[in-house]
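In: Turn this into a structure:
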Amino acid sequence: MKELERYYKVLGLDHGASLDEINQAYKDLVFIWHPDRIPKDNQRLLEKATAKLQEINHAREQLRQIHQNSSKSSNYAPKPEKKPAHAYKTASPYQPHPSQPGQNSQTHSHKTPSQETHSQHSHSQNNHQVHNQAAWRPHYRDLNGADLQGANLKEKDLSNRSLIGADLSHADLSDSFLHKINLEKANLYKANLFRANLLEANLKGANLQEANLIGADLSGADLSAADLRGAKIGFGKRIMVKLTGAILTGTILPDGSIHQ
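Out: As a prediction, the model looks like this:
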């Protein structure tokens, strides 16, 4: 609970602020603390701004995740006004009357119409599973090999999606939520990943040449054999990409050297 309060405090918000308020506060603070606004020769302020930016980014990520989990949980709850009617229909097979052998056929006659109405049937059977799919999953299973050159995906939530081999060159993915996304061998040439959340992302063999990674969080990400030549990762010698626990085996670094 104390951690949660701290996240709100970092963003200057009261406990229970809405997701819109969280995002707006985040944008305001990033604008204020962004290193671009600080003289490049003031190393002390640059370091302070970088640390503050990472703190703000982490707080926003945690609060967004809490809101998303809360939204999913609320979708699991059956609708009160529909539950009694469906409870009666689904309960009958479990409470048969011995003196009425035709009860099963009568039960099926009630059940069949409900099957024709997907939204009603989902509340009485496999309620959690159906809501889990409808509440947050997209209309597609993946975007493997998709052509998304120059696409505007700013602030989009593509977490857990599969975009293996997708072409995202020149795409705007700034402030996007890409937790556990699969971008193996994807083309992210000159993509804007400014402040993107790439926690535990799969970027094996991805082309990140000249991509903007400033402010991005790549904690736990797999960058094995990824090509980062010319990628923007900070200012001067100051690295502004979070790489805690990242896998860098065979990664081609921005200066062209290969990480061992």
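In: So, low pLDDT: which residues of the chain?
Out: Along the chain, the model assigns pLDDT under 70 to residues 1, 72-141.
In: any idea where the helices of it begin and end?
Out: 2-10, 19-33, 43-76, 83-91, 103-116, 118-124, 127-136 (DSSP state H).
In: Buried residues in the third one, which are they?
Out: Judged by neighbour count using 16 or more other CB atoms under 10 Å, the buried positions of helix 43-76 are 46, 49-50, 52-64, 68. For the C-beta atoms, the positions are set from N, CA and C on the backbone; glycine is no exception.
In: and the angle from it to helix 2-10?
Out: 120 degrees (axes from the mean of the first three to the mean of the last three CA atoms, to 10 degrees).
In: Can you spell out which helices and strands pack onto helix 43-76?
Out: helix 2-10, helix 19-33, helix 127-136, strand 238-239 (3 or more CB pairs under 8 Å, 6 or more residues apart in numbering; DSSP states H and E).
In: Just name whatever secondary elements the first one is in contact with.
Out: Okay, so that is helix 2-10. helix 43-76.
In: Just want the angle from the helix it packs on to helix 19-33.
Out: Per the same axes, to 10 degrees, the angle that helix 43-76 makes with helix 19-33 is 170 degrees.
In: burial count for the nearest residue to residue 164 once chain neighbours are set aside?
Out: Distance criterion CB to CB, 6 or more residues apart in numbering; nearest residue to residue 164, sequence neighbours excluded, is residue 144 at 4.5 Å. Residues contacting residue 144 under the criterion other CB atoms under 10 Å number 15.
In: for residue 144, what are its contacts?
Out: Each residue near residue 144 by CB atoms under 8 Å, 6 or more residues apart in numbering is listed here: 162-166.
In: Which members of those are the farthest-apart pair?
Out: 162 and 165 (9.9 Å; CB to CB).
In: can you give me the end-to-end distance of stretch 158-172?
Out: For stretch 158-172, the first and last residues are 13 Å from each other (CA to CA, to the nearest Å).
In: Just the buried positions in it, please.
Out: Within stretch 158-172, judged by 16+ other CB under 10 Å, the buried ones are 158-159, 161-172.
In: Show the contacting residues for the closest residue in space to residue 45 that isn't next to it in sequence.
Out: Leaving aside its chain neighbours, residue 45 sits nearest to residue 38 (4.9 Å; criterion: CB to CB, 6+ apart). The contact partners of residue 38, by CB under 8 Å, 6+ apart, come to 45-46, 49.
In: for the residues you listed, which one is nearest residue 238?
Out: Of all the contacts of residue 38, residue 238 sits closest to residue 46, with 5.9 Å by CB to CB.
In: quick one: contacts for the closest one?
Out: Applying CB under 8 Å, 6+ apart, the residues near residue 46 are 35, 38, 40, 235, 238.
In: want to throw those into CSV with distance to residue 219?
Out: Output for the contacts of residue 46, formatted as CSV (distance: CB to CB, whole Å):
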residue, distance to residue 219
35, 20
38, 24
40, 26
235, 20
238, 18
